[in-house]
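>>> Quick one, what's the 3D model for this:
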Amino acid sequence: MKDPNDIQYDDIPSTAEEMAAWEAKFGAGAKGGDAAATGGVDSRFDATEEKCFKPEGAEADEAMKEKVIEQLKQIYDPELPVNIYDLGLIYDVDCWKNPKSKLGECKITMTLTSATCSMSEMIVDLVRSIPTRMGGELGCIDVELVFDPPWSQDKMSDEAKLAMGFL
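Residues are numbered from 1 along each chain as shown. Below is the predicted model of the structure:
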């Protein structure tokens, strides 16, 4: 766990304690001095994504998909020592180039370990905040939360199973 006293603006809180430390240091309405970079939202973790609609004929953007996956691997389930990608919470990452803006856009289909997960809002908000952390490369992201098929341990990567003591 990152030392809450040493938390930086660009850090991604992964526990309730880190989130509280981030908000205490930067304020719940922190914009880091650049409202445009955070989309003018109260907190970069409370961003509501724009709905991205994949235009017909839009080209897949595999490079953007890899960058988004790297961002997803930085988001840890606050209750587990594993990132949400290796935990198997991400079912699909579909990225494309918007033909008009030329920016990348993505749709992420994800689930949670449980529909009653107490940290669900924080996890989804962290996924929604990916465009603000990518410095303008990603125009918008659409996060679809699904519970069918339900998450199970067999969706975890071998690294995650090892970290959880299942291997």
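>>> low pLDDT regions in this structure?
1-2, 4, 9-10, 12-16, 27-51 (pLDDT under 70).
>>> Tell me who's in contact with the residue most central in space within it.
Against the mean C-alpha coordinate of the chain, by CA atoms, centre = their mean, the closest residue is residue 127 at 1.8 Å. By CB atoms under 8 Å, 6 or more residues apart in numbering, the residues touching residue 127 are 72, 75, 84, 108, 110, 141, 143. C-beta: built from backbone N, CA, C; applies to glycine.
>>> cool, and residue 150?
Neighbouring residues of residue 150 by CB under 8 Å, 6+ apart: residue 111.
>>> how much space between residue 153 and residue 164?
8 Å (CB to CB, to the nearest Å).
>>> out of these two, which sits in the busier spot?
Comparing residue 153 with residue 164 by other CB atoms under 10 Å, the one with more neighbours is residue 164, at 15 against 12.
>>> ok, the closest residue in space to that one that isn't next to it in sequence - contacts?
Nearest non-adjacent residue to residue 164, counting by CB to CB, 6 or more residues apart in numbering: residue 82, 6.4 Å away. Residue 82 sits next to 76, 156, 160, 163, 164 when contact means CB under 8 Å, 6+ apart.
>>> From the residues you listed, pick the one nearest residue 25.
Nearest to residue 25 among the contacts of residue 82: residue 76, at 19.4 Å, using CB to CB.
>>> Run through the strands of the protein in chain order.
If DSSP state E is used as the criterion, the strands of the chain fall at 90-97, 104-110, 138-145.
>>> Now render those as a markdown table, adding mean neighbour count and distance to residue 22.
Compiled in a markdown table, those are given as follows (neighbours: other CB atoms under 10 Å; distance: least, CB to CB, whole Å):
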| stretch | mean neighbour count | distance to residue 22 |
| --- | --- | --- |
| strand 90-97 | 18 | 23 |
| strand 104-110 | 22 | 22 |
| strand 138-145 | 18 | 21 |
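>>> Need those strands in TSV (columns: distance to residue 53).
Formatted as TSV, the strands of the chain follow (distance: least, CB to CB, whole Å):
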stretch	distance to residue 53
strand 90-97	10
strand 104-110	9
strand 138-145	8
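>>> Quick check: which of those strands is nearest to residue 57?
strand 90-97 (9.7 Å).
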